[in-house]
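>>> here is a sequence with its predicted model. Questions after.
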Amino acid sequence: MSNSSLYPNTIHFNQSYIDYRFDWSNFSVPLAIIPWIYIIPSFIIICKIWKVYLDTNQNKTGDVNRHVFLAISLSQFACFANFFFDYFMTRLPATGIFTSYCASIYPNHWLKMIIFLALYTNYLSLAFPILLPLIRLVIVIFSKTHQKLNSKVIRILVPIILIYPICFTFYLIPALGVCKTYEYPYSFGAIWIYYTNSMFGLRNSFFNLCSIFFWLVVSVIINFILLIKVIKAKSQIVHHGGSSASYKAEFSITLTTLALIAFYVLNGVFVLVYIFAYGTNSYTAYTVIVRPFGNDMQTCVIAWVFYLTHPAFKKRVAVHPKSTVEVILTHSQSH
């Protein structure tokens with residue numbers, strides 16, 4: 001039995017792929033270069049958001065709700081980590097730069113670690129965004145004790161979120177990482193890292209889809225309750241003469257939250273298209289190219305929307321504002 005027949009649907013020990021030579025003119029090469037043009041500036045923005053959280057924590061000022069900044073920072077760092085590992089799982093191998101080498105080695109656990117980290121960080125990027133609306137809801141409902149309660153929420157949920165992806169990737173324990181060829185519309189030599197011999201033959205696609213649906217439903221429920229509170233708060237701030245800065249802060253966070261919901265839906269669509277259309281000679285097959293850029297939008301758009309709209313990043317703002325909800329509740333309690 002030949003070595004190639006031991007690993008069907010992979011390129012391992014396939015002489016045609018061993019002889020493959022990397023071609024700079026391949027259309028996959030610019031697709032692997034372009035993302036860094038917008039990812040690097042976005043990562044700098046994420047670090048600036050994180051810095052506001054650290055500075056607020058260090059100075060112990062109460063004008064910025066540091067839990068909101070922590071939630072967004074964790075969400076965006078998870079998205080960036082997912083971009084990084086997904087890049088080495090899909091986009092860089094698609095250029096063909098590792099094709100010959102990968103075809104000459106056995107499937108192994110090192111290749112599996114790449115896909116494990118890509119999947120692990122993907123689940124983190126789905127779960128961490130839920131902290132933002134949850135923290136805001138706690139502020140609305142428990143106005144007097146929200147700082148202590150949100151500290152407990154962070155201490156409890158962050159470790160749970162860091163552990164929960166294991167429940168969706170346990171089947172990779174006995175698996176081996178393999179290199180597979182990309183189907184249409186990629187050309188010969190384009191590969192990606194996948195796995196074989198998983199526990200019980202389980203696949204990630206259905207776990208991923210269920211996870212997206214779950215977090216989408218939870219997010220919509222929390223945000224629906226929050227929306228009712230914010231609409232009421234908006235009318236009160238006009239009536240009580242609340243500050244413009246506090247309204248802008250609340251508007252910024254609301255925009256960020258709505259964008260997060262939109263990306264849950266977008267991720268779900270990409271997974272469904274992959275399940276039903278991957279490898280077919282139809283226009284939907286091009287989603288295999290578009291999907292990574294769709295995920296990049298979550299990393300970039302969320303960070304930039306928050307950075308460009310929140311008053312905490314305005315140079316002329318000397319005092320960082322509280323949220324609209326906090327201003328209103330404080331005003332109401334004073335009466």
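Everything's here; your move.
>>> CA atoms for contacts and neighbours, from now on please.
OK.
>>> strands of this protein, residue ranges please.
Along the chain, counting by DSSP state E, strands occupy 176-181, 191-196.
>>> thought H146 was touching V138?
Yes. The criterion here is CA atoms under 8 Å, and H146 meets it with V138 at 5.9 Å.
>>> pLDDT averaged over stretch 174-184 - what is it?
For stretch 174-184, mean pLDDT is 89.
>>> K112 against N197, yeah?
No. With contact defined as CA under 8 Å, K112 and N197 do not form a contacting pair (11.0 Å).
>>> between the two, which has more neighbouring residues?
K112 (24 against 15; other CA atoms under 10 Å).
>>> the nearest residue to the more buried one once chain neighbours are set aside and L157: what is the separation?
Sequence neighbours aside, G177 is the residue nearest to K112 in space, at 3.8 Å (criterion: CA to CA, 6 or more residues apart in numbering). According to CA to CA, to the nearest Å, G177 stands 31 Å off from L157.
>>> ok so, going back, quick one: contacts for the residue nearest to K112?
By CA atoms under 8 Å, 6 or more residues apart in numbering, G177 lies in contact with 107-113, 115, 193-196.
>>> can you say which of these are buried?
107, 109, 111-113, 115, 193-196 (16 or more other CA atoms under 10 Å).
>>> let's have those residues in TSV, adding pLDDT and distance to S211.
Shown next, in TSV, are those (pLDDT from 0 to 100; distance: CA to CA, whole Å):
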residue	pLDDT	distance to S211
P107	93	28
H109	93	25
L111	94	24
K112	95	21
M113	95	21
I115	95	17
I193	94	22
Y194	92	20
Y195	92	20
T196	90	22
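>>> out of those, who's nearest P185?
Of all the buried ones among the contacts of G177, P185 sits closest to I193, with 17.2 Å by CA to CA.
>>> gap between the closest residue to that closest one other than its chain neighbours and I173?
What sits nearest to I193 in space, not counting adjacent residues and going by CA to CA, 6+ apart, is C179, at 4.7 Å. Applying CA to CA, the value for C179 to I173 is 18 Å.
>>> those two: which is more packed in?
For C179 versus I173, the count of surrounding residues by other CA under 10 Å is larger for C179: 28 against 14.
>>> check the gap between the more buried one and I221 for me.
For C179, the distance to I221 - CA to CA - is 40 Å.
>>> T145 now?
Distance of T145 to I221, computed by CA to CA: 23 Å.
>>> low-confidence ranges in the stretch 151-300 of the chain?
230-231, 233-257, 259-260, 264, 266-287 (pLDDT under 70).
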